[in-house]
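Participant: Sharing a sequence plus its predicted fold:
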Amino acid sequence: MFAIESALLGLAAAPLDILLQIPEQALYRKATAPRLPLLFVCGAARTGTTLVEQVLIRFLPVAFMNNLTAVFPRAPLTANRIFRPGHTGGQTVYHSYYGKTVGFSAPNDGLHVWDRWLGKDRTRICTSLTLKEQDDMRRFFGAMEQLFGKPILAKNNSLSACASLVAEIFDQAFFICMTRDPIYLAQSQLQARLDIHGREDIPYGLPRPDESGPGGRDVIEHICRQILFHERMIREQQRLIGPQRFWVIEYEAFCHNPSDLVRKVAEEALRQPCPAEAMRLPPFEASTRVRIEPERFRQIADTMARLARQQ
């Protein structure tokens with residue numbers, strides 16, 4: 001309901017958003033490249049990226065894109081400077097619905113901003129950035145850093161397939177790429193297809209380039225091939241960027257001990273002590289229950305094993 005209300009508010013606020021582009025562009029023109037660390041959370045859909053983002057925001061002094069930016073996609077920084085929604089850093093409840101959070105101060109993927117550089121077709125992998133797009137990205141995050149005076153944390157799942165393009169622009173960028181047990185990930189993506197699209201044969205999240213349309217009758221194989229494709233892309237991005245800046249984090253390990261990741265980000269990326277409160281963070285449930293018909297779950301396991309052997 002909040003997402004629907006925000007969309008309607010965005011339509012009503014469009015004239016103001018257009019007007020605010022004038023001071024927004026002035027911010028970009030005056031901005032220098034960011035100097036503080038940049039943290040980018042990525043990974044295939046349904047790997048826990050939203051939870052990781054929420055936890056890091058809760059315990060670390062970072063700035064992030066919030067739901068207000070979705071109401072003002074043309075002038076997100078100016079809107080935040082004017083309306084100043086309250087910060088959610090003190091929250092202890094971690095809740096989202098397929099990446100959607102509640103409240104204008106709560107985190108948002110900022111896809112409307114990323115579309116400026118990665119393209120509006122979110123089913124395609126960005127393979128290059130023009131010099132202008134690189135400069136625009138540099139100026140946006142520079143202006144954002146100057147507005148909030150903090151390191152920036154941003155989430156975009158598709159960066160797991162094109163993070164190297166961003167790494168070339170920002171030497172101080174770190175990428176936190178989430179993975180998950182492929183069998184349970186396939187189960188979750190199957191449910192997401194039904195919940196979001198209302199049908200099983202349309203991919204949820206970034207699809208394989210050769211399978212962006214409906215997947216035909218063999219839905220399970222379609223999903224498993226999509227997941228294995230993401231695993232290959234993640235390995236390639238880590239090879240291009242290096243493991244020092246591209247961290248592959250298992251969802252199950254994070255849920256078992258979330259403090260480990262908070263400490264790693266604080267000490268290795270932000271170069272500051274980990275907050276003592278974060279070290280007492282309790283574990284999360286890792287969602288490893290069978291939630292579909294047992295026969296379909298067995299089909300997922302068998303298909304994943306067969307495709308993995310063929311690689």
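Facilitator: Perfect, I can see it now. Numbers count the residues shown, from 1 in each chain.
Participant: what sits against Thr292?
Facilitator: One thing to correct before we go on: residue 292 is Ile, not Thr. 187, 190-191 (C-beta atoms under 8 Å, 6 or more residues apart in numbering). For every residue, glycine as well, the C-beta is placed using N, CA and C.
Participant: rerun at 6 Å
Facilitator: By C-beta atoms under 6 Å, 6 or more residues apart in numbering, the contact set of Ile292 is Gln187.
Participant: And for Pro85?
Facilitator: Taking C-beta under 6 Å, 6+ apart as the criterion, Pro85 is in contact with 68, 104-105.
Participant: one more time with 10 Å, if that's ok
Facilitator: 66-68, 79, 103-106 (C-beta atoms under 10 Å, 6 or more residues apart in numbering).
Participant: Just the buried residues of the longest helix seen in the chain, please?
Facilitator: Ranked by residue count, the top helix of the chain under DSSP state H comes out as helix 219-241. Going by neighbour count (16 or more other C-beta atoms under 10 Å), the buried part of helix 219-241 is 219-231, 233-234, 237-238, 241.
Participant: Which helix or strand contains Leu19?
Facilitator: Assigned by DSSP states H and E, Leu19 belongs to helix 14-30.
Participant: what's downstream of that helix, the next helix or strand?
Facilitator: Counting by DSSP H and E, the next helix or strand C-terminal to helix 14-30 is strand 38-43.
Participant: Tell me which strands that next one pairs with, and in which orientation.
Facilitator: Sheet pairing of strand 38-43 (DSSP bridges) gives strand 152-155 (parallel), strand 173-179 (parallel).
Participant: Just give me how far the first one sits from the chain centre.
Facilitator: It stands for strand 152-155. How far strand 152-155 lies from its chain's middle: 8 Å, per C-alpha atoms, centre = their mean, to the nearest Å.
Participant: wait, Arg124 sits on Asp210?
Facilitator: No. Between Arg124 and Asp210 there is no contact under C-beta atoms under 10 Å: 11.6 Å.
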